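# quick one, structure for this:
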Amino acid sequence: MSGDSVRVASPLFPVEGQGSIPMSPLQFEIVRMPLKDALALNMKWHSRLPYLPLSSIQRKHGFAFGCLFKNIYFAIAIWSTPVSRQLDNGKAFELRRMAICNDAPKNTASRMLSVMVKLIKKDTHYCRLLSYQDTEVHTGTIYKASGWEKTNTNNGNPGWFSPKGKKYGKNRALANPIISNAPKIRWEKQIRPEPEAIIKPPKKTPQKGLFF
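Residues are numbered from 1 along each chain as shown. Next comes the predicted model:
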């Protein structure tokens with residue numbers, strides 16, 4: 001197994017058999033995890049968008065989940081309120097990143113997504129979940145299989161960019177290069193009815209008496 005200490009959920013409390021690899025995603029426990037650890041693992045595992053600043057998630061009221069097997073993380077997912085101001089209405093929650101290590105079993109993403117939806121519905125007030133598919137590298141299979149609906153496709157312009165001036169990996173400086181200019185598909189899943197806006201009746205103005 002990897003020697004990266006960040007993959008160990010509780011370094012002070014080793015678990016018997018720690019270091020073994022699960023044979024099925026059903027063996028995972030999906031739990032909330034420290035955001036900083038999820039961001040560190042995203043940096044190592046995400047193929048397209050490894051960098052995500054902690055401040056942007058905290059500002060958007062975000063949190064993270066991890067896939068645990070015998071005290072070791074095999075996948076992470078980071079959620080927050082939507083980046084788009086048009087969609088950030090207090091009812092929606094967006095999957096910002098999902099990253100899976102190479103030694104995770106097949107169908108880890110589908111299993112994790114299914115459990116996270118249930119946990120978010122149980123533990124939060126959000127009504128609708130959002131996620132974006134980069135069509136250049138993903139087919140959207142996990143969303144289709146989980147009952148998400150395709151709601152919008154853009155033409156890839158503007159594309160997804162890496163953060164200007166940031167460094168990651170082996171101290172490789174970035175000058176804001178484009179990461180993906182492929183079309184992006186927005187998927188959505190309604191997890192509970194959205195309350196209708198309460199329309200207050202207009203205040204009645206007292207009628208002036210008519211005098212003859």
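# now stretch 183-192: how far from the chain's centre is it?
Taking CA atoms, centre = their mean, to the nearest Å, the mean C-alpha location of stretch 183-192 is offset from the chain mean by 12 Å.
# what is the rounded mean pLDDT of it?
Taken as a whole, stretch 183-192 carries a mean pLDDT of 94.
# which residues touch that stretch?
117, 120-121, 126-135, 140, 143, 146-156, 160 (CB atoms under 8 Å, 6 or more residues apart in numbering). To be clear about C-beta, it is placed using only N, CA and C from the backbone, and glycine gets the same treatment.
# got a list of what the residue lying closest to Thr139 once chain neighbours are set aside touches?
Excluding the flanking residues, the one nearest Thr139 by CB to CB, 6 or more residues apart in numbering is Gln133, at 7.9 Å. By CB under 8 Å, 6+ apart, Gln133 lies in contact with Thr139, Gly140, Tyr143, Lys184, Ile185, Arg186, Trp187.
# mind checking which of those residues are in strands?
Lys184, Ile185, Arg186, Trp187 (DSSP state E).
# what comes up buried for stretch 48-59?
For stretch 48-59, a neighbour-count test (16 or more other CB atoms under 10 Å) marks Leu49, Pro50, Tyr51, Leu52, Ile57 as buried.
# ok, back up a step: and which of the contacts of Gln133 is nearest Leu41?
In terms of CB to CB, no member of the contacts of Gln133 lies closer to Leu41 than Tyr143, at 22.1 Å.
# now the element after the longest helix anywhere in the chain, going C-ward?
For the chain, the longest helix by residue count, based on DSSP state H, is helix 108-123. Toward the C-terminal end, the helix or strand that comes next after helix 108-123 (DSSP states H and E) is strand 128-134.
# pull up the pairing partners for that next one, direction included.
Partner strands for strand 128-134, per DSSP bridges, with pairing direction: strand 92-100 (parallel), strand 184-190 (antiparallel).
# and the strands in the chain, which stretches?
Using DSSP E, strands in the chain cover 29-33, 63-69, 72-80, 92-100, 128-134, 149-153, 160-161, 167-168, 172-173, 178-180, 184-190.
# out of the strands paired with strand 128-134, deepest packed?
strand 92-100 (a mean of 22; mean count of other CB atoms under 10 Å).
# quick check: angle from that one to strand 72-80?
If you take axes from the mean of the first three to the mean of the last three CA atoms, to 10 degrees, strand 92-100 sits at 150 degrees to strand 72-80.
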